[in-house]
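A.B. asks: could you look at this predicted model? Sequence included:
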Amino acid sequence: MEEEKFGLSFDEEIKQVVQKFERMRRNNESYFFDVIEFESIIDYYIDSNNSQKAFEAATLASKQHPNSVSIQLRKARVLLDRGRAVEALKILKRLENIEPGNHEIYISKGTAFGMLGDIQGAKKMFDYALTLDSDEFENILFSITSVLQNLNYYEHLIPYLLKLIEKEPGFKAHLYDLAYAYEKVEDFGTSVIYYRKYLEEEPFSDSAWYNLGIIYNKLEMPEKALEAYDYALAINSQNTFALFNKGNILSNLERYAEAIPVYHEYLENVPDSFEVMTYLGECYERTGDSILARKYYHDAIELSPEYADPWFGLGVISYNHGNTDDSLIFFRKAVRLDDENPEFWYLLGKAHYKKGEKKAALRCFREALKIDVYYNEVWSDLGRMILVENLVSKALPYLEHAYKVTGDVPGINYLLASFYLHAGMHNDALKHLETAIETDKDLYPEFTDIFPDKVLTRKIKRLLESYNLTGTKH
């Protein structure tokens with residue numbers, strides 16, 4: 001072989017020419033490189049993701065060889081890598097006049113258009129490139145799909161990937177890319193189909209099983225998601241993403257005892273995860289082990305004292321154990337760290353009310369509803385509190401004003417219906433109760449105790465009967 005004759009491999013030749021280029025830069029000297037050498041230098045730096053050195057090499061190369069199409073094309077690619085699409089387009093337009101049949105020019109032009117947000121212009125260039133060289137059709141298609149993937153144009157990527165699969169049916173990675181593209185455009189059903197097709201060919205791909213688990217979770221199919229994560233973990237027990245998601249699904253399903261060992265396994269791999277320590281604390285809290293719950297909340301706080309959730313968790317434990325003063329300390333800390341979480345404000349309000357601090361409780365409930373006007377537990381607790389404290393006449397004007405702002409939110413309609421009933425304004429009560437039930441009938445059981453039988457009118461009773469809501473208890 002020729003390379004053996006001179007005692008140098010191709011890789012060694014590239015290494016030597018790159019070293020020569022770097023020596024020139026280091027010594028601030030001027031050497032001459034032929035076109036092939038410059039091509040090797042630029043390609044080496046592009047492949048090494050060193051865009052700065054690639055740009056320096058391409059700039060010098062274009063000065064030494066201003067008429068070389070291959071050098072100019074590489075300079076345009078380097079400019080694209082550095083996000084300088086407009087400059088790259090100026091070079092590419094000149095090259096287009098010199099070599100109008102060179103498909104690489106049009107792929108680069110399409111890339112530039114895509115970077116500038118002109119996807120239709122990009123597709124026009126790509127489609128034209130596909131007409132130029134039938135022998136390179138698959139390679140051109142692959143280049144186009146790579147560009148569209150890198151630029152996150154998944155909707156436009158899909159037709160090209162389908163063509164590529166048609167041309168290269170034996171290349172399994174295309175199925176994976178297509179499944180991922182459908183996932184990104186939120187066509188989850190089709191994404192599942194292609195991940196399944198890919199897994200028929202590559203059943204030991206833990207990343208495909210993991211992605212499938214994500215999609216099943218988005219499709220609200222938690223059992224399928226758990227099954228997919230179990231396959232991923234059977235293939236790769238170190239897949240911490242699968243462990244994390246599996247633990248979260250089990251926790252969301254309130255299968256806390258099953259989530260605990262999964263979170264422990266995750267912490268064996270990622271021991272400094274204060275988020276998972278917090279989730280573990282919650283699982284122990286929900287299974288009645290407040291000692292271990294406190295331990296993991298404190299461990300999380302030690303690692304990240306500015307993370308609000310474990311402070312809130314400690315507040316919940318204190319509140320549930322009747323230590324209201326302690327719970328107030330923890331809830332206040334959580335709110336200071338994260339004042340955009342409605343649950344923090346809600347529990348802080350409940351703790352204030354338990355202490356008899358009604359104004360503070362009302363303020364907290366109001367803050368919770370500002371953040372999430374559909375937080376129904378707050379509305380129902382607010383309603384009970386107003387009735388118990390005989391504040392209906394004072395609360396009605398505020399609620400009427402709030403209703404003008406929020407519109408037909410179920411919670412506020414249930415409260416207005418109840419308060420109008422207690423105030424003897426029966427027609428207004430009927431109107432708001434009907435709106436509330438039509439908006440969310442299933443919520444009524446949460447509000448039944450603010451509709452005692454003694455205030456229900458005949459029309460209200462008939463309305464409840466028509467929706468099969470009589471006798472419903474929270």
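C.D. replies: Perfect, I can see it now.

A.B. asks: residue 179 in helix, strand or coil?
C.D. replies: helix (DSSP: H, G, I helix; E, B strand; the rest coil).

A.B. asks: now it: how far from residue 227?
C.D. replies: The spacing between residue 179 and residue 227, counted by Cβ to Cβ, to the nearest Å, is 17 Å. Placement of C-beta: from N, CA and C, glycine included.

A.B. asks: who's more crowded, these two?
C.D. replies: residue 179 (25 against 15; other Cβ atoms under 10 Å).

A.B. asks: could you find the closest non-adjacent residue to the more buried one?
C.D. replies: residue 194 (3.6 Å; Cβ to Cβ, 6 or more residues apart in numbering).

A.B. asks: could you say what helices and strands the helix or strand containing the one you found packs with?
C.D. replies: Per DSSP states H and E, residue 194 falls inside helix 188-201. In terms of contacts (3 or more Cβ pairs under 8 Å, 6 or more residues apart in numbering; DSSP states H and E), helix 188-201 is packed against helix 173-184, helix 206-218.

A.B. asks: what lies in contact with the first one?
C.D. replies: By that I understand helix 173-184. 145, 149, 152, 154, 157-158, 161-162, 164-165, 168, 188, 190-195, 197-198, 201-202, 205, 208, 211, 214-215 (Cβ atoms under 8 Å, 6 or more residues apart in numbering).

A.B. asks: now, of those residues, which are buried?
C.D. replies: Buried subset of the contacts of helix 173-184 (neighbour count, 16 or more other Cβ atoms under 10 Å): 145, 149, 154, 157-158, 161, 164-165, 188, 191-192, 194-195, 197-198, 205, 208, 211, 214-215.

A.B. asks: list the buried residues for stretch 32-41?
C.D. replies: Neighbour-count burial for stretch 32-41 [16+ other Cβ under 10 Å]: 33, 37-41.

A.B. asks: just stretch 166-183 next, same as before
C.D. replies: Going by 16+ other Cβ under 10 Å, stretch 166-183 has these buried residues: 172, 174-183.

A.B. asks: quick one: residue 145 from residue 42, how far?
C.D. replies: 24 Å.

A.B. asks: buried residues in the longest helix that the chain contains?
C.D. replies: Scanning the chain for the longest helix, with DSSP state H as the assignment, gives helix 10-26. For helix 10-26, a neighbour-count test (16+ other Cβ under 10 Å) marks 14, 17-18, 21 as buried.

A.B. asks: just stretch 348-356 next, same as before
C.D. replies: Applying 16+ other Cβ under 10 Å to stretch 348-356 flags 348-353 as buried.

A.B. asks: do stretch 393-410 as well
C.D. replies: 395-396, 399, 402-403, 409-410.

A.B. asks: mind picking the one among these that's closest to residue 265?
C.D. replies: Comparing the buried residues of stretch 393-410 against residue 265 with Cβ to Cβ places residue 410 closest, at 41.0 Å.

A.B. asks: I figured the closest one hits residue 376, correct?
C.D. replies: Yes. With contact defined as Cβ atoms under 8 Å, residue 410 reaches residue 376; the gap is 6.8 Å.

A.B. asks: are there residues contacting both of these two? Which ones?
C.D. replies: Contacts common to residue 410 and residue 376, judged by Cβ under 8 Å, 6+ apart, are residue 443.

A.B. asks: which residue is the nearest non-sequential neighbour of residue 270?
C.D. replies: residue 240 (5.7 Å).

A.B. asks: can you give me the pLDDT of that neighbour?
C.D. replies: Confidence at residue 240, expressed as pLDDT, is 96.

A.B. asks: ok, now how distant is it from residue 61?
C.D. replies: Residue 240 is 44 Å from residue 61, by Cβ to Cβ.

A.B. asks: neighbour count: the two, which is higher?
C.D. replies: Taking other Cβ under 10 Å, residue 240 and residue 61 do not tie; residue 61 has more neighbours (26 against 18).

A.B. asks: OK, contacts around the nearest residue to the more buried one once chain neighbours are set aside?
C.D. replies: Closest residue to residue 61 apart from its sequence neighbours, by Cβ to Cβ, 6+ apart: residue 38 at 3.8 Å. Taking Cβ under 8 Å, 6+ apart, we find residue 38 in contact with 57, 60-61, 64-65, 71.

A.B. asks: which one of those residues is nearest residue 439?
C.D. replies: For the contacts of residue 38, the nearest to residue 439 is residue 57 (65.6 Å; Cβ to Cβ).

A.B. asks: packing partners for the host helix or strand of that closest one?
C.D. replies: Assigned by DSSP H and E, residue 57 belongs to helix 51-64. On a contact count with 3+ Cβ pairs under 8 Å, 6+ apart, helix 51-64 meets helix 35-47, helix 69-81.

A.B. asks: how about those helices, which one is nearest residue 116?
C.D. replies: helix 69-81 (10.7 Å).

A.B. asks: next one: residue 8, what pLDDT does it get?
C.D. replies: pLDDT, residue 8: 44.

A.B. asks: please tabulate the buried residues of stretch 348-356 in TSV and include secondary structure, pLDDT and distance to residue 49 as additional columns.
C.D. replies: Formatted as TSV, the buried residues of stretch 348-356 follow (DSSP: H, G, I helix; E, B strand; the rest coil; pLDDT from 0 to 100; distance: Cβ to Cβ, whole Å):
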residue	secondary structure	pLDDT	distance to residue 49
348	helix	98	49
349	helix	97	53
350	helix	96	54
351	helix	97	53
352	helix	97	56
353	helix	95	58
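
A.B. asks: leaving aside the residues adjacent along the chain, what's closest to residue 121?
C.D. replies: Nearest one to residue 121, counting by Cβ to Cβ, 6+ apart, is residue 113 at 3.9 Å.
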